[in-house]
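> Following is a predicted model, sequence given first.
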Amino acid sequence: MNWGFASSFASSSSSKNSSSMRTIPSQTPRNHHQKTQQQQKQQQYIEPVTIRTLLKVKPNIANNTKIKPKHLNIKESNIVVSNNEYQFDSIFDVDSKETEFYDSITDNLIDDISKGYNTTIMTYGPTSSGKSHALFGDPDSTNDGLINHIADRLLFPQCEDNLKTLCSISMWELYIDKVYDLLLNNGKPLKVHVHGDHIRDLHQIHVTSPIEIKDTLKNGYKNISPLHHSKSQIFVRFEVQCIDRKDDVTRCSSITFIDLCGSDLLTKQNASKLSSDDIKKFNQMIYLLQNLIKTLPEEQSTNSSHFKDSSLNKILMDYLGGDTKMTLVVAIDGNTGGYEDAVKLGAKAKLIKNYPTMNKIGLNAKRKMDLLVQDMNVKEQNYLAKINLLQTEIKTLKTENDSTTNSTSNSLENALQENSKLKLQLESLQQILGTMSLANPSSSNKNEMNEHDELLKKLMSTCEDVANLQLSVDNGKHINRKLKKQIDANSSKEDVFETMNSTLLKQIQNQEKELEELLTANASLQIEFENLRKVSNSRKERITHLEKILKDLQNHNVQSSSPGKSPKHLPSKLATKVDSNSPQNHSLFKTSSKTSSSSTSNSNSNLNANTSWSVRKASTATITSTTSQDSHTARPIKRGINLHSVRVVSESTIVPEHSP
Ligand SMILES: Nc1ncnc2c1ncn2[C@@H]1O[C@H](COP(=O)(O)OP(=O)(O)OP(=O)(O)O)[C@@H](O)[C@H]1O
């Protein structure tokens with residue numbers, strides 16, 4: 001039977017809930033590990049609470065005694081295992097009563113449920129450590145266990161008329177990776193979803209009394225397959241709706257009981273009826289659960305998650321680090337040992353933070369006003385605290401400013417002192433004026449006043465004159481200073497100009513000297529040029545003369561080439577010229593080219609003249625290129641002008657024989 005109301009308040013963590021009706025935000029993030037939801041929580045300022053951890057030690061049942069096992073080292077809320085100390089919120093040793101354990105959980109639950117918080121109680125520990133016994137009691141005896149204890153005390157209070165409680169139960173089993181609805185017993189496994197409500201279509205039974213709860217639980221428990229015993233997790237969930245008629249408010253909350261399977265790993269020996277594949281899956285599930293609890297405290301800050309690792313971890317998403325107030329009961333059997341890992345894990349789970357939210361629906365106007373007033377009071381307190389802070393800040397600022405204000409007050413005092421001095425001076429002046437007026441006793445009071453006024457006027461006019469004069473003097477001084485500055489600037493300029501002038505004069509003198517030198521050099525060059533021109537003219541004439549002679553000789557040679565004619569018939573001058581073409585004369589040219597003085601030894605005047613001419617020719621051969629007529633001689637051809645060898649020959653030395 002599925003109760004209609006159940007879906008409306010089935011799970012405060014369900015997104016299906018009408019959150020718009022809630023006055024207090026009850027966004028209950030199913031997976032706080034998702035970043036966005038965690039951010040939402042931070043935005044809502046939900047106070048995180050750590051998981052409450054209890055350690056329950058199974059009593060020695062065999063002897064029906066409550067003797068503490070020897071090796072079990074428990075000190076108040078600490079247990080020492082292998083020299084390591086682990087802390088729990090409470091430890092229920094073998095000698096503690098079952099009711100103490102129940103009450104310690106129920107007392108907290110009353111407060112949480114009345115406020116509309118979701119709560120979870122989960123048991124964990126080795127096989128046969130008393131997990132199921134703690135929650136369900138002994139089905140064969142009067143010992144009801146924690147669930148029925150809560151049902152009796154919390155869910156159906158008898159005394160309060162204004163309170164009405166609606167309650168529904170769902171019960172299911174997770175066996176490795178399959179979910180079975182224990183209240184239906186049709187043997188069909190349900191689907192486990194990755195997001196949102198992990199298990200849907202669960203059968204819910206509306207219960208109205210503790211007896212109904214007890215019966216429902218018994219029936220559900222019977223539906224657990226014997227094959228699954230110790231290897232499955234049992235979930236029992238109460239959806240509770242408390243209607244407070246006095247405040248006209250409905251609080252929705254859930255209480256979930258999770259009886260985990262034994263934390264021991266399966267082997268072929270202790271699980272002979274299971275397939276090796278199931279054993280493998282089971283062991284992996286246990287390992288992943290342990291890993292989740294170990295790493296979750298760190299993962300909550302990094303937002304990574306192992307929740308998707310297994311079906312069990314997926315379902316536990318809502319509880320470990322979820323929106324529920326959680327109590328973890330670690331059950332151990334002190335006599336059997338092998339509980340170290342469970343103790344370690346329990347101590348680690350204490351670091352996991354949950355983010356529970358209150359779920360309230362439908363407040364009346366008065367209640368709303370009360371809440372508003374409460375909010376206003378809180379705000380007022382905050383503002384008052386802020387005001388106090390600001391006041392202290394003002395005080396500190398004032399003390400800092402005191403030092404600066406002292407300096408300004410000192411300057412003000414000085415100004416006041418100067419003012420008083422000036423006042424005294426004014427008074428003395430007035431006294432002087434009074435004495436001046438007293439010095440004239442014959443005048444009447446009116447006359448005295450007039451005179452006094454006149455004197456004052458005169459004094460004022462003279463003061464004005466003095467002031468004007470002073471001003472003109474000041475102006476004059478100012479102008480004088482300006483002029484002085486200008487004069488200084490001009491004098492410095494003058495110095496610069498003088499230095500420039502002197503340098504220019506020096507430059508001019510140097511240029512004049514250079515000009516003179518150039519002029520003298522020019523004059524000498526002109527003389528040299530004139531001489532050279534004369535020499536060239538005389539040589540031109542001589543060349544033309546020689547060309548004539550050469551033509552004559554050629555003509556003569558043509559005639560003499562006929563037989564019977566000898567060169568003896570030539571005139572003496574021509575004969576000499578012909579001889580000059582002989583090798584002997586050629587040697588003479590050679591020697592004379594070395595020095596002109598050697599040619600002076602010839603006795604023959606004509607020859608002397610010719611020889612000296614030849615010498616000159618040889619020496620000037622460097623000036624003129626050899627003519628075509630000279631080409632038949634053995635003389636070496638010299639081209640270009642060797643100015644070093646150019647000699648100015650006086651006209652007297654050049655005596656061409658046939659000069660015009
Ligand atoms: N506090 C207790 N008082 C009396 N008997 C107890 C107590 N705790 C456990 N027992 C008994 O011990 C046995 C094992 O207990 P239980 O089944 O609760 O262990 P478990 O941890 O749930 O085991 P499993 O892991 O197999 O589910 C049961 O017979 C139970 O009656």
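In hand now; what should we look at?

> Spell out which residues of the stretch 301-450 of the chain are next to the ligand.
residue 331 (CB under 6 Å from any ligand atom). Glycine gets a C-beta too; all of them are placed from N, C-alpha and C.

> Strands of the stretch 301-450 of the chain, start to end?
324-333, 353-354, 360-361 (DSSP state E, counting those that start in this stretch).

> Mean confidence (pLDDT) on the second one, please.
Same thing as strand 353-354. The average pLDDT for strand 353-354 rounds to 90.

> same check, this time on the last one
What strand 360-361 shows for mean pLDDT is 74.

> re the thing from before, now, of the strands of the stretch 301-450 of the chain, which is deepest in the fold?
Mean neighbour count (mean count of other CB atoms under 10 Å) peaks for strand 324-333 among the strands of the stretch 301-450 of the chain, with a mean of 26.

> Okay, now the sheet partners of it, with direction.
Sheet pairing of strand 324-333 (DSSP bridges) gives strand 52-58 (parallel), strand 118-124 (parallel).

> and residue 105, how far is that from residue 506?
Applying CB to CB, to the nearest Å, the value for residue 105 to residue 506 is 120 Å.

> related to what we said a few turns ago, just name the most buried of the strands paired with strand 324-333.
Of all the strands paired with strand 324-333, as judged by average neighbours under mean count of other CB under 10 Å, the leader is strand 118-124 with a mean of 26.

> Please name the bridge partners of the closest residue to residue 259 other than its chain neighbours.
Spatial nearest neighbour of residue 259, excluding adjacent residues (CB to CB, 6 or more residues apart in numbering): residue 234 at 4.3 Å. With DSSP bridges as the criterion, residue 234 is bridged to residue 173, residue 259.

> Counting by contacts, list what whichever strand or helix holds residue 527 packs against.
According to DSSP states H and E, residue 527 maps onto helix 445-560. In terms of contacts (3 or more CB pairs under 8 Å, 6 or more residues apart in numbering; DSSP states H and E), helix 445-560 is packed against helix 365-438, helix 572-579, helix 605-620.

> between the first one and helix 445-560, how big is the angle?
Pointing back at helix 365-438 there. 100 degrees (axes from the mean of the first three to the mean of the last three CA atoms, to 10 degrees).

> Return the list of helices and strands in contact with helix 365-438.
Applying 3+ CB pairs under 8 Å, 6+ apart, one finds that helix 365-438 contacts helix 445-560.

> for the record, mean pLDDT for the helix it packs on?
Average pLDDT, helix 445-560: 87.

> Quick one, which of the strands paired with strand 324-333 gets closest to the ligand.
Minimum separation from the ligand across the strands paired with strand 324-333 (CB to the nearest ligand atom) falls at strand 52-58, 4.6 Å.

> So that closest one, near the ligand or not?
Yes - applying CB under 6 Å from any ligand atom, one finds strand 52-58 touching the ligand at residue 58.

> these two touch, right, residue 76 and residue 91?
Yes - look at residue 76 against residue 91 with CB atoms under 8 Å: they come within range, at 7.3 Å.

> And these two? Which one has more around it.
Higher neighbour count among residue 76 and residue 91: residue 91, with 21 against 10, using other CB atoms under 10 Å.

> before we move on, the earlier item: mean pLDDT for the strands of the stretch 301-450 of the chain: which is lowest?
strand 360-361 (a mean of 74).

> Just the buried positions in stretch 241-248, please.
Under the neighbour-count criterion of 16 or more other CB atoms under 10 Å, stretch 241-248 has 241-244, 247 buried.

> Let me have those in a markdown table, extended by secondary structure and distance to residue 338.
Below are these laid out as a markdown table (DSSP: H, G, I helix; E, B strand; the rest coil; distance: CB to CB, whole Å):
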| residue | secondary structure | distance to residue 338 |
| --- | --- | --- |
| 241 | strand | 43 |
| 242 | strand | 42 |
| 243 | strand | 48 |
| 244 | strand | 48 |
| 247 | coil | 51 |
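
> before we move on, back to that, output the strands paired with strand 324-333 in a markdown table; the columns should cover mean pLDDT.
A markdown table is the format used below for those (pLDDT from 0 to 100):
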| stretch | mean pLDDT |
| --- | --- |
| strand 52-58 | 93 |
| strand 118-124 | 95 |
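
> Between those strands, which one is closest to residue 420.
With CB to CB as the criterion, residue 420 lies closest to strand 52-58 of the strands paired with strand 324-333, at 81.0 Å.

> Can I get that closest one in CSV, CA atoms only?
Only the C-alpha atoms of strand 52-58 are listed here, as CSV (Å, rounded to 0.1, in the frame of the first residue of the first chain):
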residue,chain,number,x,y,z
ARG,A,52,28.6,11.4,15.2
THR,A,53,30.5,8.1,15.8
LEU,A,54,29.6,5.6,18.5
LEU,A,55,31.4,2.4,19.3
LYS,A,56,29.3,-0.5,20.6
VAL,A,57,31.1,-3.5,22.0
LYS,A,58,29.1,-6.8,21.8
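
> ok, and what's touching it?
72, 74, 79, 88-94, 101, 104-105, 108, 129-130, 133-134, 325-335, 343, 346-347, 349-350 (CB atoms under 8 Å, 6 or more residues apart in numbering).

> For the residue nearest to residue 259, which residues are in contact?
Residue 234 neighbours (CB under 8 Å, 6+ apart): 132, 135, 171-173, 182, 221, 224, 257-259.

> hmm, try it at 7 Å
173, 224, 259 (CB atoms under 7 Å, 6 or more residues apart in numbering).

> just residue 411 next, same as before
Counted by CB under 7 Å, 6+ apart, residue 411 has zero contacts.
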